[in-house]
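test case, fold it:
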Amino acid sequence: MVYRFLLVSDEVEDFKREIQIDAEATFLDLHQAILQAVDFQPVEMSSFFICDDDWTRRTEITLVDMGAPTDADTCLMEDTRLEELLEDEHQRLIYVFDYMFDRAFYMELREIITGRTLREAVCTRSVGDPPEQAFTEEELEKDLGKTLTPTASATGEDFYGDSEYDDDELDREGMGGFEDGDSVSLSDLEERY
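Now for the predicted structure:
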């Protein structure tokens with residue numbers, strides 16, 4: 001059996017990819033086929049979500065075990081075959097490729113082709129350019145409407161603090177008059193504070 005998936009993006013209007021893959025393939029195989037079809041670099045974290053008709057996320061199939069509670073419906077991509085979770089045409093999935101900003105492709109199992117098999121996944125239709133895999137700092141700043149990291153010229157400070165830092169700012173008197181090497185008992189502290 002062969003599954004024919006359609007991928008679209010909510011970020012790029014004219015983007016579409018169609019991928020055909022054997023039903024016995026794993027979600028890891030589908031993950032790699034998507035990366036190849038959109039020319040993305042391998043990522044450390046991504047997940048598929050099996051969804052209902054309203055795109056509500058139900059079962060998660062993740063690339064790596066993220067220590068989810070045992071009662072959560074979570075599977076690993078490399079251990080889960082497509083046919084184990086996908087049985088019906090028009091089944092909806094979400095493929096999250098950017099966890100930081102919850103960016104994803106929306107997928108639908110458009111057709112189940114019986115009587116055929118595929119050795120490896122094939123991108124059978126490619127329309128438009130995919131969204132960027134990761135935002136650049138400029139895109140993030142534009143999207144968020146502010147700068148992400150203050151610069152020294154903008155704040156008058158270095159990243160780790162004021163460049164005019166003086167070691168004597170924390171004088172011994174500010175520490176209750178204790179000198180280096182002084183032994184301090186609990187009663188000393190109670191008396192001073």
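
how near is Leu82 to Leu35?
16 Å (Cβ to Cβ, to the nearest Å). From N, CA and C alone the C-beta is placed, and that goes for glycine too.

the more surrounded of the two?
A side-by-side neighbour count of Leu82 and Leu35, using other Cβ atoms under 10 Å, places Leu82 first with 22 against 16.

isn't the more buried one up against Ala23?
Yes - between Leu82 and Ala23 there is a contact under Cβ atoms under 8 Å: 5.4 Å.

OK, contacts around Asp22?
The contact partners of Asp22, taken as Cβ atoms under 8 Å, 6 or more residues apart in numbering, are 1-3, 82, 117-119, 121.

out of these, which are buried?
Among the contacts of Asp22, those scoring as buried are 2-3, 82, 118, 121 (criterion: 16 or more other Cβ atoms under 10 Å).

and those, which two are furthest apart?
Leu82 and Leu118 (11.4 Å; Cβ to Cβ).

joint contacts of these two?
With Cβ under 8 Å, 6+ apart as the test, Leu82 and Leu118 both reach 21-22, 25.

helix or strand for Ile61, which one?
Following DSSP states H and E, the helix or strand that holds Ile61 is strand 57-62.

note down every partner strand of that strand and its orientation.
strand 47-51 (antiparallel), strand 74-76 (parallel) (DSSP bridges).

can you say which of these is packed in most?
strand 47-51 (a mean of 21; mean count of other Cβ atoms under 10 Å).

how far away is Asp102 from Thr62?
With Cβ to Cβ as the criterion, Asp102 and Thr62 are 14 Å apart.

break down this protein into its helices, ranges please.
Ranges of helices within the chain are 27-38, 82-85, 137-144, 152-155, 186-192, based on DSSP state H.

and these, which one is worst for confidence?
For those, the weakest mean pLDDT is recorded on helix 152-155, namely a mean of 44.

about what we covered before: okay if I get the strands paired with strand 57-62 as TSV plus distance to His90 and mean pLDDT?
What follows is the strands paired with strand 57-62, written out as TSV (distance: least, Cβ to Cβ, whole Å; pLDDT from 0 to 100):
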stretch	distance to His90	mean pLDDT
strand 47-51	11	96
strand 74-76	21	86
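
those strands: which one's closest to Phe15?
With Cβ to Cβ as the criterion, Phe15 lies closest to strand 47-51 of those, at 18.4 Å.

give me the angle between that closest one and helix 27-38.
Put simply, strand 47-51 runs at 100 degrees to helix 27-38, going by axes from the mean of the first three to the mean of the last three Cα atoms, to 10 degrees.

contact partners of strand 47-51?
27, 30-31, 57-63, 77, 85-86, 91-96, 99.
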